[in-house]
Structure formats: C-alpha cells, structure tokens
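>>> Quick check, what structure comes out for this input:
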Amino acid sequence: MEDILSTATLILVVAAFLAGFIDAIAGGGGLITVPALLLAGVPPVESLGTNKLQSLFGSASATIAYSKKGHVDLKKQWRWAVYSFVGACAGALLATVMPGIVLATLLPVLLILIALYFAFKPDLNDVDRAERMRPALFGVLLVPLIGFYDGLFGPGTGSFFMLAFVALAGFGVLKATAHTKLLNFASNLGGFVVFALMGVVYWKIGLLMGVAQFTGARVGAGLAMKNGAKLIRPLLVLVCIALAVRLLMDADHPIRTLIGY
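The predicted structure follows:
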C-alpha cells in the first residue's frame with residue numbers, strides 16, 4: 001500500500017483532475033480513473049470501491065457549481081436523488097454475486113447508439129422541450145433504474161442520465177448536465193456506502209484523488225455553463241465513443257470473443 005502511495009500518487013492525482021473536468025461536462029470520468037487505479041496496482045474490486053470514493057468529490061463539486069448558478073434546484077430534486085441512491089445500493093449489492101458479462105456485452109453498443117443520438121439529432125440545444133414522460137413516472141422508474149446500473153456496473157452512467165433527461169424529460173442539454181451530476185452524486189454515494197461496508201476502499205488514495213476531482217469538476221462545470229450545448233454535446237459524443245472503444249479493447253470482452261478478434 002505504501003509503495004502505491006509513494007510511486008503513483010502524482011499520476012493518480014492528475015488522472016483524477018482530468019476525470020473530474022471531463023465528468024462535470026459530459027460524464028465518463030471513470031474511463032480515466034479506474035484504469036489508472038488498476039495500473040497503479042490496486043486490485044479490481046478495491047479499484048471500483050476507491051473510484052466511488054473519489055468520484056463523490058467530483059460529482060459533489062459539479063453539483064454545487066451548477067446549483068449555485070440556478071441550473072438545478074436541490075430542494076425540488078432531492079427525491080430523485082434518493083431514488084438514485086437506493087437504486088445504486090441495490091445494484092452494488094447485486095454486483096457482489098452476479099457476473100457482469102451481459103452488461104459488458106451490451107454496453108459498447110448502447111454507448112455508440114447514445115453517441116449517434118447526440119451527434120445527429122438536429123435540435124439538441126440548451127432550450128427545454130416538451131416532456132415525453134411525466135416527472136413522477138420518470139423519477140420512480142428511470143432514475144432508480146439508472147442508479148441501479150451505476151451500482152451494478154458503472155461505466156456510462158452519466159451518458160444514460162443525459163439521454164433520459166434530454167429524450168424523455170425534455171431538458172435542454174445544459175440543464176440535463178446539471179441534473180445528471182446531482183443524480184450521479186447520489187448513485188456514487190449509494191455504491192460507495194456498500195463498497196465501504198465491504199471494506200474494499202483504499203481511503204488514502206481515494207481522498208487524495210477526491211481533492212483533485214473536486215478541483216477538476218469545478219473547472220469543467222464552469223466551462224460547461226459558459227459554453228452550454230456547443231461544448232457539452234461534442235464532448236459527450238467523444239466520451240461515449242472513447243468509453244465504448246476502451247471496453248472493446250479488453251481481450252476477453254464477449255464481443256471480441258464472439259467475432260474471434
């Protein structure tokens with residue numbers, strides 16, 4: 001443990017700052033931090049638990065920044081945050097007993113479809129549109145479902161929240177980003193609670209990375225609020241594609257195994 005802290009701290013802190021910056025705008029910060037933790041020698045389960053700890057700082061920082069500027073009303077959205085938290089707790093508990101091969105197989109395909117949606121739908125901007133799902137149903141159905149996914153598997157959670165807010169709740173891109181950070185904070189908290197109770201969190205690394213995440217997320221949220229959809233939309237597309245490619249790079253990924261590549 002001391003070797004990890006002494007030889008890889010700088011790399012992990014830089015990775016956390018970049019992850020917080022990107023995550024505050026488009027999600028996908030785990031694409032950076034989880035591989036960094038693994039490369040630093042942290043075991044897989046402990047990497048997931050430690051990642052949840054440091055991710056709390058980034059999502060909290062972004063949520064605070066967006067709420068201060070009026071892009072998300074915490075008093076109105078706290079119920080959705082609770083639903084996301086509960087869903088993530090349930091998912092994290094199931095993750096301890098259920099293999100993630102089905103999700104691992106489907107996730108790259110889903111991420112590419114989300115990237116295509118945000119890349120080619122012509123009217124995506126910061127203006128709210130008509131709702132396609134009533135808020136009450138959206139809150140009790142989709143929010144805990146995506147939170148459950150975050151606890152169970154994780155990668156791409158922010159992209160799924162973004163898609164739900166834009167396509168079904170009728171939110172503009174900036175408003176959707178702000179609300180995504182709140183619900184992602186709640187799901188991170190739910191997953192973290194379960195992992196912490198299981199004793200698979202490296203606290204020193206997680207807290208160091210958390211400080212860097214907090215700072216990076218504040219910078220990213222500021223840029224997102226300044227530039228809106230013209231920054232968020234292309235970065236979201238790039239993050240989704242990068243995450244899909246990263247997942248498919250694993251030699252034992254089911255899709256690669258299926259096609260024999």
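
>>> Report the separation between the two terminal residues of stretch 164-180.
Terminal residues of stretch 164-180 are spaced 10 Å apart (Cα to Cα, to the nearest Å).

>>> Point out where the stretch 1-150 of the chain drops to low pLDDT.
1-7, 96-104, 124 (pLDDT under 70).

>>> So which residues of it form strands?
Per DSSP state E, counting those that start in this stretch, the stretch 1-150 of the chain has no strands. Nothing in it meets that criterion.

>>> Which residue ranges of it form helices?
Using DSSP state H, counting those that start in this stretch, the helices of the stretch 1-150 of the chain run over residues 2-26, 30-39, 44-68, 74-95, 101-120, 135-137, 143-152.

>>> Output these as TSV; include the columns distance to Cys240 and mean neighbour count.
Every C-beta, even on glycine, is put in place using the N, C-alpha and C of the backbone. Formatted as TSV, the helices of the stretch 1-150 of the chain follow (distance: least, Cβ to Cβ, whole Å; neighbours: other Cβ atoms under 10 Å):
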stretch	distance to Cys240	mean neighbour count
helix 2-26	8	20
helix 30-39	10	21
helix 44-68	18	24
helix 74-95	20	20
helix 101-120	4	17
helix 135-137	26	11
helix 143-152	15	25
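
>>> Identify whichever of those lies nearest to Val173.
helix 101-120 (8.4 Å; Cβ to Cβ).

>>> so which of the helices of the stretch 1-150 of the chain comes closest to Leu168?
Taking the helices of the stretch 1-150 of the chain one by one with Cβ to Cβ, helix 135-137 is closest: 9.4 Å.

>>> Give me the distance from the closest one to the chain's centre.
22 Å (Cα atoms, centre = their mean, to the nearest Å).

>>> what's next to that helix, contact-wise?
Ala169 (Cβ atoms under 8 Å, 6 or more residues apart in numbering).

>>> so which of the helices of the stretch 1-150 of the chain comes closest to Ala244?
Taking these one by one with Cβ to Cβ, helix 101-120 is closest: 4.0 Å.

>>> about what we covered before: would you convert the helices of the stretch 1-150 of the chain into TSV that also reports distance to Pro234?
TSV is the format used below for the helices of the stretch 1-150 of the chain (distance: least, Cβ to Cβ, whole Å):
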stretch	distance to Pro234
helix 2-26	9
helix 30-39	16
helix 44-68	19
helix 74-95	26
helix 101-120	8
helix 135-137	29
helix 143-152	23
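
>>> any weak-confidence spans in the stretch 151-261 of the chain?
260-261.

>>> Out of the helices of the stretch 1-150 of the chain, which is closest to Phe214?
Here helix 44-68 is closest among these (Cβ to Cβ), at 4.2 Å.

>>> who does that closest one touch, helix- and strand-wise?
Contacts defined by 3 or more Cβ pairs under 8 Å, 6 or more residues apart in numbering; DSSP states H and E place helix 44-68 against helix 2-26, helix 30-39, helix 173-197, helix 203-227.

>>> Report the distance from it to the chain centre.
On Cα atoms, centre = their mean, the centre of helix 44-68 falls 9 Å from the chain's centre.

>>> what is the orientation angle of it with helix 173-197?
Computed by axes from the mean of the first three to the mean of the last three Cα atoms, to 10 degrees, the angle separating helix 44-68 from helix 173-197 equals 140 degrees.

>>> sorry, back to before: among the helices of the stretch 1-150 of the chain, which is nearest Ala224?
Of those, nearest to Ala224 by Cβ to Cβ is helix 2-26, at 4.6 Å.

>>> With distance to Ser159 as new columns, can the helices and strands packed on helix 44-68 be given to me in TSV?
What follows is the helices and strands packed on helix 44-68, written out as TSV (distance: least, Cβ to Cβ, whole Å):
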stretch	distance to Ser159
helix 2-26	8
helix 30-39	11
helix 173-197	9
helix 203-227	15
